[in-house]
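# Attaching a predicted model along with its sequence, questions to come.
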Amino acid sequence: MKKLMILALSFTIFIACNNQNNQKKNNPDKSMNDMKDLKSIALKAQNALFKDYSTEEIKQYFKADYIQHNPFVATGIEPVLQLAPVLKEANTTYTNHRLLQDGDYIVFHNSYHNAEAFGAKEIVTFDVWRMEDGKVAEHWDNITPVVAKTASGRSQVDGPTKVEDLDKTDINKKIVKNFMDDVLFGKAPEKIVDYISSEQYDQHNPLVKDGLLGLNEAIEYLISQNNMFVYKKIFKILGEGNFVLVMSEGEWYGKPHAYYDLFRLKNEKIVEHWDVIQEIPAKMANKNGKF
């Protein structure tokens, strides 16, 4: 009798678990669906400001207490609303080259056209948005002018765009974190060949040639000029599949700089690099800091 009761109880638990699993399949978690929609929402928000110049759409896709980290723009949604007609008059538009998602964070790798309001007619940026309740809640960016002639012959934005190896996101982020610690923070710079592929390293920094030889040549030149860039602190490492973005702070030319480095990995090696480097001004239009 006791055995029968145990079997009956086990069967009941099995049925209950099975029903719960079926319910999850038939009614997927709303938060998971929301997460999947964040890229499309972010694109709508981006287009609202830089293609449609629509104040109504900006109100729809940006939170009222929107937090701004661009050093030249005040925080809150009002400065964004005020910016829209200025961008429309200048015909400021953008081209998206890469779009990544890491949890609530959306990473845009963009070029902007007629962008004098941001420092040059043609610029390249990394824009990072934190999404909350289906809206843009916070924004970080790094901006640099487009360079027509580069050391590698590559542009600052060309190259592969497809997100692959989604199952390796965490592994790739860890590899990049270790690369930053060992090589760029100088803990074990001799390990550079453990992280960067000796067969392929495509470089998009305008001043650096392709390959490990090109990177070493650039570093040797900077050291000879007593002008080597310094990395001091990592603020965020965001990744999706084969792409990993690092947001960090350091010094160059004796001044504080923000470094946004995007790496593409293949077979657990870094095979490509894009970056945007921007000086951090002493005074900012908001109190939120660059990071």
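Everything's here; your move.
# can you give me the helices for this protein?
Here the chain has its helices, by DSSP state H, at 2-26, 30-50, 55-61, 77-90, 169-179, 192-195, 211-224.
# Output stretch 50-60 as CSV, nothing but the C-alphas.
In CSV, the C-alpha atoms belonging to stretch 50-60 read as follows (Å, rounded to 0.1, in the frame of the first residue of the first chain):
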residue,chain,number,x,y,z
PHE,A,50,17.5,60.9,-36.7
LYS,A,51,15.1,60.1,-39.6
ASP,A,52,11.6,61.2,-38.7
TYR,A,53,12.6,64.0,-36.4
SER,A,54,9.3,63.4,-34.6
THR,A,55,8.7,64.8,-31.2
GLU,A,56,5.7,62.6,-30.7
GLU,A,57,7.6,59.5,-31.5
ILE,A,58,10.5,60.6,-29.2
LYS,A,59,8.0,60.9,-26.4
GLN,A,60,6.8,57.4,-27.2
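# Only the buried residues of that stretch, if you could.
50, 53-55, 57-58 (16 or more other CB atoms under 10 Å). All C-beta spots, glycine's among them, are computed from the backbone N, C-alpha and C.
# hmm, which two among those residues are most spread apart?
Pairwise distances across those peak at 13.4 Å for 50 and 55 (criterion: CB to CB).
# who's in contact with residue 262?
Contacts for residue 262 (CB atoms under 8 Å, 6 or more residues apart in numbering) come out as 98, 109, 126, 243-246, 273-275.
# Can you name the residues bridging to it?
residue 245, residue 274 (DSSP bridges).
# what pLDDT does it get?
We have a pLDDT of 98 for residue 262.
# Nearest to the spatial middle of this protein, which residue is it?
Residue closest to the mean C-alpha point of the chain, counted by CA atoms, centre = their mean, is residue 107 at 3.7 Å.
# Would you agree that one is in contact with residue 99?
Yes. With contact defined as CB atoms under 8 Å, residue 107 counts as touching residue 99 (7.2 Å).
# Max pairwise distance over the contacts of residue 262: which two?
Maximum distance among these (CB to CB): 14.6 Å, for 98 and 246.
# need the least confident one among the helices of the chain, by mean pLDDT.
Taking the average pLDDT of each of the helices of the chain, the minimum falls on helix 2-26, with a mean of 41.
# residues touching the residue nearest to residue 126 when sequence neighbours are not counted, list them.
Leaving aside its chain neighbours, residue 126 sits nearest to residue 260 (4.3 Å; criterion: CB to CB, 6 or more residues apart in numbering). Each residue near residue 260 by CB under 8 Å, 6+ apart is listed here: 126, 142, 245-247, 275-277.
# Any chance of TSV for the residues you listed, columns distance to residue 220?
Converted to TSV, the contacts of residue 260 look like this (distance: CB to CB, whole Å):
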residue	distance to residue 220
126	27
142	26
245	27
246	23
247	27
275	19
276	23
277	19
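# Could you identify the most distant pair in those residues?
The widest separation within the contacts of residue 260 (CB to CB) is 13.6 Å, between 245 and 277.
# Of these two, which one has the most company?
Using other CB atoms under 10 Å, the more surrounded residue of residue 245 and residue 277 is residue 245, with 25 against 17.
# rewinding a little: can you redo the buried residues of stretch 50-60 as TSV with distance to residue 235?
Listed next are these as TSV, based on distance: CB to CB, whole Å:
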residue	distance to residue 235
50	25
53	31
54	32
55	31
57	30
58	27
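# residue contacts, residue 61?
By CB under 8 Å, 6+ apart, the residues touching residue 61 are 41, 44-45, 48, 135-136.
# May I see those residues organised as JSON lines, with neighbour count and distance to residue 206 added?
What follows is those, written out as JSON lines (neighbours: other CB atoms under 10 Å; distance: CB to CB, whole Å):
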{"residue": "41", "neighbour count": "18", "distance to residue 206": "33"}
{"residue": "44", "neighbour count": "14", "distance to residue 206": "32"}
{"residue": "45", "neighbour count": "22", "distance to residue 206": "30"}
{"residue": "48", "neighbour count": "22", "distance to residue 206": "31"}
{"residue": "135", "neighbour count": "18", "distance to residue 206": "35"}
{"residue": "136", "neighbour count": "26", "distance to residue 206": "30"}
